[in-house]
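Trainee: Here is my input; please provide its structure:
(chains A and B)
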2 protein chains.
Amino acid sequence: MAVNAVGRDIPSSIPGYKDDVVLFRGATKRLPKGNRYGKKNRTTFFTKTDKTLPNIKAAIRESGLQSGMTISFHHHLRNGDYVVNMVLDACAEMGIKDLVIFPTALFGVHKHLTKHIQKGVIRQIQGSVNGPIGQLASEGGMELPVVLRSHGGRPRAVISGDVKIDVAFIAAPTADKYGNLTGAYGQSACGSLGYAHTDADYAECVVAITDNLVEYPAPYIQIPQTQVDYVVQVDKIGDPAGIVSGTTRVTRDPMRLLIARYAAKLTESSPYFKEGISFQTGAGGISLAAAAYVRDAMRKKGIKGSFGLGGITSFFVDMLEEGLFRQLMDVQSFDLAAVESISRNAAHVEISADWYANPWNAGCMVNMLDTVVLGATEVDRDFNVNVNTESDGALLHGIGGHQDTASGAKLTIITTPLLRGRIPSVVDSVYTVTTPGEVVDAVVTEFGVAINPRRQDLMDAIKPSKDLPLVTIDELVEKAKKLAGDMAPIEHTDRIIGVIEYRDGSVIDVVRQIKKK
Amino acid sequence: MAVNAVGRDIPSSIPGYKDDVVLFRGATKRLPKGNRYGKKNRTTFFTKTDKTLPNIKAAIRESGLQSGMTISFHHHLRNGDYVVNMVLDACAEMGIKDLVIFPTALFGVHKHLTKHIQKGVIRQIQGSVNGPIGQLASEGGMELPVVLRSHGGRPRAVISGDVKIDVAFIAAPTADKYGNLTGAYGQSACGSLGYAHTDADYAECVVAITDNLVEYPAPYIQIPQTQVDYVVQVDKIGDPAGIVSGTTRVTRDPMRLLIARYAAKLTESSPYFKEGISFQTGAGGISLAAAAYVRDAMRKKGIKGSFGLGGITSFFVDMLEEGLFRQLMDVQSFDLAAVESISRNAAHVEISADWYANPWNAGCMVNMLDTVVLGATEVDRDFNVNVNTESDGALLHGIGGHQDTASGAKLTIITTPLLRGRIPSVVDSVYTVTTPGEVVDAVVTEFGVAINPRRQDLMDAIKPSKDLPLVTIDELVEKAKKLAGDMAPIEHTDRIIGVIEYRDGSVIDVVRQIKKK
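Mentor: As a prediction, the model looks like this:
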């Protein structure tokens, strides 16, 4: 055991993860060594001009997939995804076992995997486990710990050789017979295929699974044929209702609107609110409302932004079309308007997760970000943020781009209600550290805005007002305690069921098995 | 010495090239071994959000470039390029010596490098040497042999680790301060940056040199910031008059028009002339005329093609806009119309040289090509083609995509006048083998069309006619001999001044020093 830079006791060896755990020592402390991974050289001298195979089992056979290997997936189909379940069902039927699955994220729909975990088809999950599989892991249902990485940390791990992908299965809303892929079209269109790029580039074998096989060459190619070995056509790769939301809505809850207004006001009062501003917000209600307020302020002051980043919604598409952004940099398209826009507007650019957020390349997008508005399940006196575990200690959420954007943006704003129900969100010490306080600049609640004391420059630049009430983080903690009373500590065992990597591959925290009530 | 599959004596060791030369054994015989190259891991934790440096010398210093290293360039600025000369001038002034330069091609404008070769700043050239530098090398003016690779063979060599690039200098018609690059805009716009992609991806350090620094992020990004370390702004990266031609013209010479008509007729008579046909032609007069005849036939029969490939001209842009192609796949934009089209039409797709032609990935574009019309300086009884050396044995031309498209296309047509002046183009044995006869399907001259006997299927499918007179290759050789008389053999020394790699990295031929007259 040793204590890392956010005060967590981390074992030097974690079975099923690493024998030589790298401790988190600070947001910019771990320097890369060695070389990028180079996959096996290959040739297509003997490839036919048609890479299609009749079904998933045939592709599994041709790929050479065997028990114990690592297979990857992207999560652009979100809770509408059929592909992960289909592939694991096929593996199970073929008697393949002990797989490490390496999805960018799992969702509620992947509860289906439970039986494959219980029967040993899946030995480990390295990827975000949103919902039921996270609950299962939290309760001790997996032999090896889940390993969580951020959207930038994951391509870093692959490119640097930390994780070797044997076979990448890429859900492709449109494909041609020679493996050109796009998410921009098809019955299961998802827009950007941002999370799949590194897998396509680095996996030893790449299998595309599509429900829209079109004439060669496919339009608006995102992943080229040079990276894809096999193509399988199936009836449906997903349920459109779960893939994209029809509309994204701004919150109407007055308390959340107040938080959004404070966050917007903080942005507008900062030195970064000027011509060429770039920003990212999530698709949540508070984030979208904050974006709407910032947009209104941009209109009022005649400010035009440079780029909107991240998961892209109709809201950002409208800003692009209004001229409030010159470009959208889209790693993930959240709604129908975003999907439609990416296929027709050259200023709406698909970017890979590597381009979006990998700290180990020549410079990712988050480095150029002015402001990001992020959420939290908890934030603490040191401004450390937890987005992974719920109030009962269950590991139900992924890291997403939280660590990456917080680290890159000049102004990182965490918005959260002070309490959720009767549970405080601003606490002495978060149960799980996802993002270290050193990269968080302000916490915004309905009771006011706490600026990180590390950002004296920001404090000096901001004038507090009725619209922007400044408080200290300690005041928020005390206020929350007063309203909620003392909370009982989360009961857990010593067994590690989750490892939270920082984006640089060091371990910022671990998650332990909860005690079932 | 040992004899390769096209009958050439190749030394087992060539000083300055390789100690263990790989012999060409046939177009699909060399299988890849080992892994792709992985460059050094890096991070941008400490990178400022501005990668610009004041001048080229500052970039050379920051890049760590030292004597003996390998530096690369692309040739999208063709005979208008200023960048190669500027960089080598700076290296010379800084006392850097013994460089291996690894351009995709050099042109007449690079005659300027002669002094740097003579003074030892440049030790070797690995890349096409069109014109004066080729002449210099042919006359023994370089210590080490020039190494020529095809458009597909070059990325193969880089990706597989045969050639390691220390610093890539990328001429960028437009760039932003964080290194996003595009060729689609700017005073020196060149359209596609296809040949630069592999260098950007695999070089240990990447320096962009631009004469159009724009607001971040640049529009229509082709090479992303994730790959670029430094950006230098200069007054001019090139002379637009040498970069793109204003218009590309079909030949008016009756003999050449006849050859074009035969080539077109052969295409139309082949089994590949049907809905979805793809094709590539060069920008030369015969090729363009042949393309025009094929286009007319497509219109007449109501056939719509799938894609046009290669160096793209206004001619292909018009076909795209007329609906005769669904997409253009553009590794190099030859004229203003192509540059303009790539920046506005999503169906006009920029592709890398890797995507275009690398035989060692999961499948390049040439594999999907139906017909290609190519030129030759010589072709012989075995259908071997020479595009590298002139009639005096001087190494004046690069391989381009000749080997690649010939190898990939279902129908490879070589067009050439039977004689050029008094010099036969169809001969007993070519002086230099660029492309092996086994991947050449037909030779078209003004005296008729010779189909390769290996393609009995094609002979069976073709009906000879007045518009498509079939002859044998031997008949063409004899006819040429009769017209031109016997030619004196080319006088050369034993010294090897050039190595011609096949696209798979084996040696298909060598070029020897000529005797000055």
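
Trainee: Please settle this for me: is residue A:97 part of a strand?
Mentor: No: counting by DSSP: H, G, I helix; E, B strand; the rest coil, residue A:97 falls outside a strand, being coil.

Trainee: I'd say it and residue A:88 touch.
Mentor: No: with contact taken as Cβ atoms under 8 Å, residue A:97 and residue A:88 are classed as non-touching, separated by 11.2 Å. (C-beta placed from N, C-alpha, C; glycine too.)

Trainee: Between these two, tell me which one has more neighbours.
Mentor: residue A:88 (24 against 16; other Cβ atoms under 10 Å in any protein chain shown).

Trainee: Measure how buried the closest residue in space to that one that isn't next to it in sequence is and give me the count.
Mentor: The shortest distance from residue A:88 to any non-neighbouring residue, by Cβ to Cβ, 6 or more residues apart in numbering or on different chains, is to residue A:116 (4.9 Å). For residue A:116, the neighbour count with other Cβ under 10 Å is 19.

Trainee: Who are the packing partners of the helix or strand hosting residue A:116?
Mentor: Using DSSP states H and E, residue A:116 falls within helix A:114-118. Applying 3 or more Cβ pairs under 8 Å, 6 or more residues apart in numbering or on different chains; DSSP states H and E, we find helix A:114-118 packed against helix A:83-93, helix A:132-138.

Trainee: same thing but 10 Å
Mentor: helix A:83-93, strand A:99-103, strand A:122-125, helix A:132-138 (3 or more Cβ pairs under 10 Å, 6 or more residues apart in numbering or on different chains; DSSP states H and E).

Trainee: Put together TSV for those, with mean pLDDT on each row.
Mentor: Formatted as TSV, those follow (pLDDT from 0 to 100):
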stretch	mean pLDDT
helix A:83-93	98
strand A:99-103	98
strand A:122-125	98
helix A:132-138	97
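
Trainee: Deepest-packed of those, please.
Mentor: Mean neighbour count (mean count of other Cβ atoms under 10 Å in any protein chain shown) peaks for strand A:99-103 among these, with a mean of 25.

Trainee: Tell me how far that one lies from the chain's centre.
Mentor: 16 Å (Cα atoms, centre = their mean, to the nearest Å).

Trainee: just the angle between that strand and helix A:83-93, please?
Mentor: Relative orientation of strand A:99-103 and helix A:83-93, computed by axes from the mean of the first three to the mean of the last three Cα atoms, to 10 degrees: 170 degrees.

Trainee: Report all helices and strands that the helix or strand following strand A:99-103 contacts.
Mentor: Note on strand A:99-103: by DSSP H and E, the next helix or strand toward the C-terminus is strand A:105-106. On a contact count with 3+ Cβ pairs under 10 Å, 6+ apart, strand A:105-106 meets strand A:128-129, helix A:132-138.

Trainee: can you do 7 Å?
Mentor: Helices and strands touching strand A:105-106, by 3 or more Cβ pairs under 7 Å, 6 or more residues apart in numbering or on different chains; DSSP states H and E, are strand A:128-129.

Trainee: Parallel or antiparallel, list what pairs with the strand it packs on.
Mentor: The strands beside strand A:128-129 in its sheet (DSSP bridges) come out as strand A:105-106 (parallel).

Trainee: got a list of contacts for the strand it pairs with?
Mentor: Residues outside strand A:105-106 that contact it (Cβ atoms under 7 Å, 6 or more residues apart in numbering or on different chains): A:75, A:84, A:127-130, A:133, A:398.

Trainee: could you give the mean pLDDT of it?
Mentor: Mean per-residue pLDDT for strand A:105-106: 96.

Trainee: hmm, back to that, and of the contacts of strand A:105-106, the nearest to residue B:304?
Mentor: Residue B:304 lies nearest to residue A:75 out of those, by Cβ to Cβ, at 37.3 Å.
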